[in-house]
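**Student:** next input, structure requested:
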Amino acid sequence: MILMKKLFLLFLVIPFFLVGFTNTNTFITEVPDDFRLTAISGSVSPDYPVYKIELAADGEGVYSVMPPEGRQNGKFKAVNRFKLDEIQLLLVYRAVMENNFFGLEKEYRDSSILDGSFARLTVSVGGKSHTVRTQNIAVKGFDKIMLMINAVTPENNKMLYNEILL
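**Tutor:** Okay, here's the model as predicted:
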């Protein structure tokens, strides 16, 4: 069953996400030892939870939730720990690099919408760290990375925000 999941990722998911990738002339085959990623998403309204995924270069991941009543103090509660295999982690790292994450602006926002949802992604690798935040606006490269994170993480451990759910 595990082999079937890996084959599914390799033959169905990879081609889907490779379409439109830019800014890479080399085929990425390994994840650097210092790769770290933190993704956070949720509603702008304090009446709904906020979700967080943290990934390390060894594939260790933590999925946390900040319930509405916890948003005032900003405390997340870890609800699941998981481990991505090498292929899954490589898919996330490739999505980051091939979608030019470090070239994205720090913030994208549709200021005509007062409520809605947001997503924030912080990636550290190679001595660099970059954070991008989106609110109520689709950002193609950013959203592709978040979709890849959702594709490889456990079923009930997803980043949720309007622009990738609609």
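
**Student:** so where does residue 144 fall, helix or strand?
**Tutor:** For residue 144, the enclosing helix or strand under DSSP states H and E is helix 140-152.

**Student:** any idea of the mean pLDDT for that helix?
**Tutor:** Taken as a whole, helix 140-152 carries a mean pLDDT of 96.

**Student:** who does it touch, helix- and strand-wise?
**Tutor:** helix 14-18, strand 36-43, helix 86-98, strand 117-125, strand 128-135, helix 162-165 (3 or more Cβ pairs under 8 Å, 6 or more residues apart in numbering; DSSP states H and E). Backbone N, C-alpha and C define where each C-beta goes, glycine included.

**Student:** 6 Å instead?
**Tutor:** helix 86-98, helix 162-165 (3 or more Cβ pairs under 6 Å, 6 or more residues apart in numbering; DSSP states H and E).

**Student:** tell me which of those helices sits most buried.
**Tutor:** For the helices and strands packed on helix 140-152, the largest average neighbour count (mean count of other Cβ atoms under 10 Å) is found in helix 86-98, namely a mean of 21.

**Student:** mean confidence for that one?
**Tutor:** Per-residue scores along helix 86-98 average to 97.
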